[in-house]
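**Student:** need coordinates for the following:
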Amino acid sequence: MNTLTRTKLSAMMFLEFFIWGAWFVTLGTFLGNNLKASELETASVFSTQSFGAIIAPFIIGLIADKYFNAERILGILHLVGAFLMYQMYNSNDVSTFYPYVLAYMIAYMPTLALVNSVSFRQMKNPEKEFSVIRVWGTIGWIAAGLSISYIFHWDSAEGIGQGMLRNTFMMAGVASLILGIYSFMLPKTPPVKNDGKSNSISEILGLDAIKLLKNKNFLIFFLASVLICIPLAFYYQNANPFLTDIGLDNPTGKMTIGQISEVLFLLLLPVFFSKYGFKKTILVGMVAWALRYVLFAYGNAGELSFMLIIGIALHGICYDFFFVSGQIYTDARAGEKYKSSAQGLVTLATYGVGMLIGFWVAGYIGEYYRGLGGENIWQSIWLVPAGIAAAVALLFLLTFKDEKDPNKEVPAFEPETDKAPAITSLP
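**Tutor:** Residues are numbered from 1 along each chain as shown. Below you'll find the model as predicted:
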């Protein structure tokens, strides 16, 4: 890959995740303070991410991969996203905000697969080249969070009081407009010729790999993946409102520590995975989820603020050791002919179904404890996902049989087609 192409793709990744990080991290705080949303209304808004994740494979598999250049669809979706962001910026209550955020998530989620498609098609050796490009996405997310806290101070007590968090949507909208226009300058990525064959709905959603669930170990892993998304949803929905509510300075900027740790632990994952195997690696990830929520439950913005920072920093272990190692395990378990389909099935089940359940559980738990009142509302809320994560870890420990080589136990069955579907994968 030449330097110009690498630079173009890096800038694309930076903008793609700058957009997401510019508004999604502070969304819960904005909904509660600016729109006076209830816990269940907040859960409803966050659930739009799951709806977008469920719908995205259809947009990619039925439209993008068959009829149009990936970079052109990427541009159109981000231009639409810029308009929707402007509408979200102008919304004054949840009822008018919700349709726009739902439409935005349906438009944005497919772009996560499109930026990967545009990147991979320019690479001769994706295993070595992609990580160098993808890391700019994480840098973009970090840059958005640092800008909100340390440049614009929109998440400060004064900024929130003046309703300045609304500006995050304008910032994301401007970035979306820039990426929308910029996308038409990216390397041309036409549809892949498939000799007249078309993907079935079952291929697109990864349902062709459902036979893998006949294997007990894969079934246990699959169910654990869905269940662990419940505590994950608590983090996305409640972390920024919690840190803001208890008075931690520059909460959005400090939350970028999680993305920094994600990069660092991603480098350590291959070593840990090869030395200790899949079961111990994923158990460490599950235990880290439970530990971080205990730290959130008992930490504060004063002398125990270090507990909050450690909890945020654990995001690297929580995400990489569970989800990334899970992707590696799925890849090995599925075999060559079912790799894409299996990854699609797990993505649909986790970011679609699992996160959808998680957002609503978080909403109901928040509504319940706020209804009870008292001084330790946040402590009670955080101990729930801590307990869920600990229970999932215990069940996994007791039921999953350790494997040194997951390829040895892959069920043998003949697929109907060798064609791999286009699957949306989330970071």
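**Student:** how near is the nearest residue to Y150 once chain neighbours are set aside to A144?
**Tutor:** Spatially, and ignoring its direct neighbours in sequence, Y150 is nearest to G253 (5.2 Å; C-beta to C-beta, 6 or more residues apart in numbering). Quick note: C-beta positions are derived from backbone N, CA and C, even for glycine. Here G253 is placed at a distance of 10 Å from A144 (C-beta to C-beta, to the nearest Å).
**Student:** in contact with M164, which residues?
**Tutor:** 152-154 (C-beta atoms under 8 Å, 6 or more residues apart in numbering).
**Student:** does the residue nearest to Y150 touch S149 like I think?
**Tutor:** Yes: between G253 and S149 there is a contact under C-beta atoms under 8 Å: 3.0 Å.
**Student:** mutual contacts of the two, please.
**Tutor:** D155.
**Student:** what does stretch 361-381 rub up against?
**Tutor:** For stretch 361-381, using C-beta under 8 Å, 6+ apart, the contacting residues are 38-40, 42-44, 46, 230, 233-234, 237-238, 242, 245-246, 296-298, 384-385.
**Student:** again, only this time at 6 Å
**Tutor:** 39-40, 43, 230, 233-234, 237, 242, 297, 384 (C-beta atoms under 6 Å, 6 or more residues apart in numbering).
**Student:** quickly find the element holding the residue nearest to Y150.
**Tutor:** helix 251-298 (DSSP states H and E).
**Student:** tell me the pLDDT of S131.
**Tutor:** pLDDT recorded at S131 is 84.
**Student:** got it, and L114?
**Tutor:** 89.
**Student:** how close does the closest residue to it other than its chain neighbours get to M88?
**Tutor:** Closest residue to L114 apart from its sequence neighbours, by C-beta to C-beta, 6+ apart: L74 at 4.4 Å. Applying C-beta to C-beta, the value for L74 to M88 is 20 Å.
**Student:** what's the answer for L77, then?
**Tutor:** 16 Å.
**Student:** show me where pLDDT drops low in the stretch 1-150 of the chain?
**Tutor:** For the stretch 1-150 of the chain, the stretches with pLDDT under 70 are 61-62, 64-65.
**Student:** and the residue nearest to L114, what is it in contact with?
**Tutor:** So, once contact is read as C-beta under 6 Å, 6+ apart, L74 ends up touching 111, 114, 183.
**Student:** now do 7 Å
**Tutor:** Residues in contact with L74 (C-beta atoms under 7 Å, 6 or more residues apart in numbering) are 111, 114-115, 118, 183.
**Student:** could you do L308 as well?
**Tutor:** L308 neighbours (C-beta under 7 Å, 6+ apart): 243, 248, 295-296, 299.
**Student:** please consider this matter closed, and thank you.
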